[in-house]
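Enquirer: Got a predicted model here, sequence first, then my questions.
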Amino acid sequence: MGNCFEDETDKSPEELTKEEFSNLSDDLKWLAYENLLEMFYGVSGELEESIQDY
């Protein structure tokens, strides 16, 4: 299993329907959560950096 959710499913976690997410294996569900958390912290890190510039 890769470390990128899109590599495994050809979709990003936020593109999944509730039914599609429910049908994922537990490993892929955790990978989706990890990818979303990384995305959130990446975005929040960028926001924090831009706020510090002002």
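Expert: Yep, that arrived. Residues are numbered from 1 along each chain as shown.
Enquirer: Buried residues, the host helix or strand of residue 46. List them.
Expert: Using DSSP states H and E, the element containing residue 46 is helix 26-52. Neighbour-count burial for helix 26-52, counted by 16 or more other Cβ atoms under 10 Å, picks out 28-29, 31-32, 35. In short, each C-beta sits where N, CA and C put it, glycine included.
Enquirer: neighbours of residue 6, just the number please.
Expert: Neighbourhood size, residue 6 [other Cβ atoms under 10 Å]: 13.
Enquirer: what's the helix or strand where it lies packed up against?
Expert: Assigned by DSSP H and E, residue 6 falls within helix 5-9. Helix 5-9 is packed against helix 26-52, with contacts defined by 3 or more Cβ pairs under 8 Å, 6 or more residues apart in numbering; DSSP states H and E.
Enquirer: could you give me the average pLDDT of the helix it packs on?
Expert: The pLDDT scores in helix 26-52 average 80.
Enquirer: what about that helix, distance to the chain center?
Expert: 7 Å (Cα atoms, centre = their mean, to the nearest Å).
Enquirer: now do stretch 41-54
Expert: That offset, for stretch 41-54, works out to 19 Å (Cα atoms, centre = their mean).
Enquirer: pull the CA atoms of the helix holding residue 6 into PDB?
Expert: What follows is helix 5-9 as a C-alpha-only set of coordinates in PDB (Å, rounded to 0.1, in the frame of the first residue of the first chain):
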ATOM      1  CA  PHE A   5      -4.600   8.000  -0.900                       C
ATOM      2  CA  GLU A   6      -5.000   9.100  -4.500                       C
ATOM      3  CA  ASP A   7      -2.500   6.600  -5.700                       C
ATOM      4  CA  GLU A   8      -4.600   3.800  -4.200                       C
ATOM      5  CA  THR A   9      -8.100   5.000  -5.200                       C
END
